[in-house]
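[1] 3D model of this:
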Amino acid sequence: MAKKMDDLFDSMRVVLPEQRAANLENIEMLGVEPRPKIDEEDFGEMCFRIYDSTQYNYPINVKWFIPQKGDLGTFESAWGVVREIDKKYEQFKLVSDWESHWINVRDLVSVKK
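    Numbers count the residues shown, from 1 in each chain. Predicted coordinates:
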């Protein structure tokens, strides 16, 4: 009981809802970056490598953008072979030995052999 009495003012701290929302927003903003600009020539080359991976069954390393809030987000990367391309939703399935990802083509950042 003595512990609670010593810590009386810390336990009575009041946080307004607006402060809580601002704090949560700032925490979410840590580690996010703006969406990179990809020119048309680089985008075409990345699509060509993705299509080649399906035809010749060779692995590629893909880095893509995951939007978090507006044009801010994080980057994810994975290695694998493209098994499927979905033209309707403009995405492809990247498969490795331990995981698979459906990646939106418009979120691509880089594709390397």
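[2] elements contacting the longest strand along the chain?
    The residue-count maximum for a strand in the chain (DSSP state E) belongs to strand 72-86. Strand 72-86 sits against strand 33-34, helix 40-56, strand 60-69, strand 91-95, strand 100-104, with contacts defined as 3 or more C-beta pairs under 8 Å, 6 or more residues apart in numbering; DSSP states H and E. All C-beta spots, glycine's among them, are computed from the backbone N, C-alpha and C.
[3] Could you dump those into TSV and include distance to Arg20 and mean neighbour count?
    Formatted as TSV, those follow (distance: least, C-beta to C-beta, whole Å; neighbours: other C-beta atoms under 10 Å):
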stretch	distance to Arg20	mean neighbour count
strand 33-34	25	11
helix 40-56	41	14
strand 60-69	17	16
strand 91-95	36	20
strand 100-104	32	15
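[4] Dump these to a markdown table, plus mean pLDDT and distance to Glu25.
    Formatted as a markdown table, the helices and strands packed on strand 72-86 follow (pLDDT from 0 to 100; distance: least, C-beta to C-beta, whole Å):
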| stretch | mean pLDDT | distance to Glu25 |
| --- | --- | --- |
| strand 33-34 | 84 | 16 |
| helix 40-56 | 95 | 32 |
| strand 60-69 | 93 | 8 |
| strand 91-95 | 97 | 29 |
| strand 100-104 | 96 | 25 |
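[5] nearest to Asn23, of the ones you listed?
    Across the helices and strands packed on strand 72-86, Asn23 has its closest neighbour in strand 60-69 (15.1 Å, C-beta to C-beta).
[6] relative orientation of the closest one and strand 72-86 in degrees?
    130 degrees (axes from the mean of the first three to the mean of the last three C-alpha atoms, to 10 degrees).
[7] how about the helices and strands packed on strand 72-86, which one is nearest Lys113?
    Among these, strand 60-69 sits nearest to Lys113 (C-beta to C-beta), with 6.0 Å.
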